[in-house]
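**Student:** Predicted model and sequence follow; I will ask about them next.
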Amino acid sequence: MNVLIAGCGYVGTVLARRLLDAGHVVHGLRRDPSGLPPGIRPVAADLADPASLRDLPPTLTHVVYAASAGGYTPDAYRAAYVDGVDNLVAALHAQGQPVARFVFTGSTGVYAQDGGAWVDETSPAEAAGFSPDALREGERRALESGFPATVVRLSGIYGPGRTRTIDGVRDGSARRWRDRQVYLNHIHRDDAAGVLAHVLALPDPRPLYLGTDDEPADRSEVLAWIAARLGLPTPLETEAPARARGSERRYRNARLRAAGYRFTYPTYREGYAALLRDATP
């Protein structure tokens with residue numbers, strides 16, 4: 001494979017290392033690619049600027065669109081997830097690139113189910129707001145790009161450098177919520193990259209996969225588990241704030257499992273245990 005990772009950041013750089021280790025050629029597109037790890041061929045471009053995409057590496061066979069919004073505003077989301085897709089797809093077609101698979105990394109934030117409902121790829125994605133609107137539109141543009149395309153909707157990504165839950169337990173600010181059932185739907189950064197690599201390698205992937213681990217976990221349970229591992233008191237209970245973080249739905253990964261993916265961190269226990277080991281002096 002000759003792969004372009006458009007938006008080669010937190011997940012994309014790990015994906016790139018996996019692909020390089022498997023013997024593939026990998027190009028990482030960023031506005032400033034100077035910080036990319038060795039082996040990734042840098043592409044300095046801005047997905048929001050069509051002119052910067054005129055000279056992409058030749059004979060690209062696989063593309064992963066892994067851009068993220070530069071801010072939480074309607075304009076930032078549209079630029080990242082809609083305009084950027086259009087600009088890149090137009091450039092690929094104009095250059096006659098032989099793209100055999102275009103993978104768009106989306107988000108489970110497009111769902112609005114509550115009450116503990118189970119969600120899979122057949123569930124309606126009807127969350128309201130500029131963020132899910134832009135994500136759904138980006139998915140549509142990718143699937144209608146003229147290239148064979150797949151969308152992977154990732155759930156909450158955690159991993160090295162993304163340890164807010166652990167940090168809250170450690171500093172005593174974390175609280176369990178007594179009046180709201182909230183689930184943490186996780187995927188470790190390394191598995192997010194692994195899922196994307198797996199989908200790229202499938203001979204005939206489905207149009208949509210949910211990238212989430214095996215166990216949607218009760219938020220209070222996760223906080224108590226982390227506290228026990230740290231030898232700290234279980235976080236106190238309180239009423240949930242008005243804009244409480246978390247999900248009242250649970251995501252299934254059966255389609256991804258059936259496609260042959262095997263998780264390095266199948267639940268939060270394995271993933272957080274690794275993070276806690278790495279953080280131990």
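**Tutor:** Ah, there it is.

**Student:** hey, where'd the helices end up in the stretch 101-250 of the chain?
**Tutor:** Assigned by DSSP state H, counting those that start in this stretch, the stretch 101-250 of the chain shows helices spanning 130-143, 164-171, 189-201, 219-230.

**Student:** Highest mean neighbour count across the ones you listed, which stretch is it?
**Tutor:** Across those, averaging neighbours per residue (mean count of other Cβ atoms under 10 Å) puts helix 189-201 on top, at a mean of 23. Where C-beta positions appear, they are placed from N, C-alpha and C, glycine not excepted.

**Student:** May I have it as PDB, with CA atoms only?
**Tutor:** The C-alpha coordinates for helix 189-201 follow below in PDB (Å, rounded to 0.1, in the frame of the first residue of the first chain):
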ATOM      1  CA  ARG A 189      -5.500   5.100  20.900                       C
ATOM      2  CA  ASP A 190      -3.500   2.000  19.900                       C
ATOM      3  CA  ASP A 191      -6.700   0.100  19.100                       C
ATOM      4  CA  ALA A 192      -8.100   3.100  17.200                       C
ATOM      5  CA  ALA A 193      -5.000   2.900  15.000                       C
ATOM      6  CA  GLY A 194      -5.300  -0.900  14.800                       C
ATOM      7  CA  VAL A 195      -8.900  -0.700  13.700                       C
ATOM      8  CA  LEU A 196      -8.000   1.700  10.900                       C
ATOM      9  CA  ALA A 197      -5.100  -0.500   9.700                       C
ATOM     10  CA  HIS A 198      -7.400  -3.600   9.800                       C
ATOM     11  CA  VAL A 199     -10.100  -1.900   7.700                       C
ATOM     12  CA  LEU A 200      -7.500  -0.800   5.200                       C
ATOM     13  CA  ALA A 201      -6.300  -4.400   4.800                       C
END
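
**Student:** Centre of the chain to that helix, how far?
**Tutor:** 10 Å (Cα atoms, centre = their mean, to the nearest Å).

**Student:** Can you list the low-confidence ranges for this protein?
**Tutor:** Within the chain, the segments meeting pLDDT under 70 span 242-246, 280-281.

**Student:** In JSON lines: the helices of the stretch 101-250 of the chain, plus distance to R257.
**Tutor:** Below are the helices of the stretch 101-250 of the chain laid out as JSON lines (distance: least, Cβ to Cβ, whole Å):
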{"stretch": "helix 130-143", "distance to R257": "22"}
{"stretch": "helix 164-171", "distance to R257": "25"}
{"stretch": "helix 189-201", "distance to R257": "11"}
{"stretch": "helix 219-230", "distance to R257": "22"}
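
**Student:** Among those, which comes closest to P42?
**Tutor:** helix 189-201 (18.6 Å; Cβ to Cβ).

**Student:** From the contact counts, what lies against that closest one?
**Tutor:** In terms of contacts (3 or more Cβ pairs under 8 Å, 6 or more residues apart in numbering; DSSP states H and E), helix 189-201 is packed against helix 12-21, strand 62-65, strand 101-107, strand 149-154, strand 156-158, strand 208-211.

**Student:** can you list these in a markdown table and add mean neighbour count?
**Tutor:** As requested, those are arranged in a markdown table below (neighbours: other Cβ atoms under 10 Å):
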| stretch | mean neighbour count |
| --- | --- |
| helix 12-21 | 21 |
| strand 62-65 | 28 |
| strand 101-107 | 25 |
| strand 149-154 | 23 |
| strand 156-158 | 20 |
| strand 208-211 | 25 |
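
**Student:** got a markdown table for the ones you listed, with distance to S34 too?
**Tutor:** Conversion of these to a markdown table gives the following (distance: least, Cβ to Cβ, whole Å):
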| stretch | distance to S34 |
| --- | --- |
| helix 12-21 | 13 |
| strand 62-65 | 20 |
| strand 101-107 | 23 |
| strand 149-154 | 26 |
| strand 156-158 | 24 |
| strand 208-211 | 29 |
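
**Student:** Which of these sits closest to L47?
**Tutor:** Judging those by Cβ to Cβ, what sits closest to L47 is strand 62-65, at 8.4 Å.

**Student:** CA atoms of that closest one as PDB?
**Tutor:** What follows is strand 62-65, C-alpha atoms only, in PDB (Å, rounded to 0.1, in the frame of the first residue of the first chain):
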ATOM      1  CA  HIS A  62      -5.100   4.200   0.200                       C
ATOM      2  CA  VAL A  63      -6.200   7.300   2.000                       C
ATOM      3  CA  VAL A  64      -7.200   7.800   5.700                       C
ATOM      4  CA  TYR A  65      -9.000  11.000   6.400                       C
END
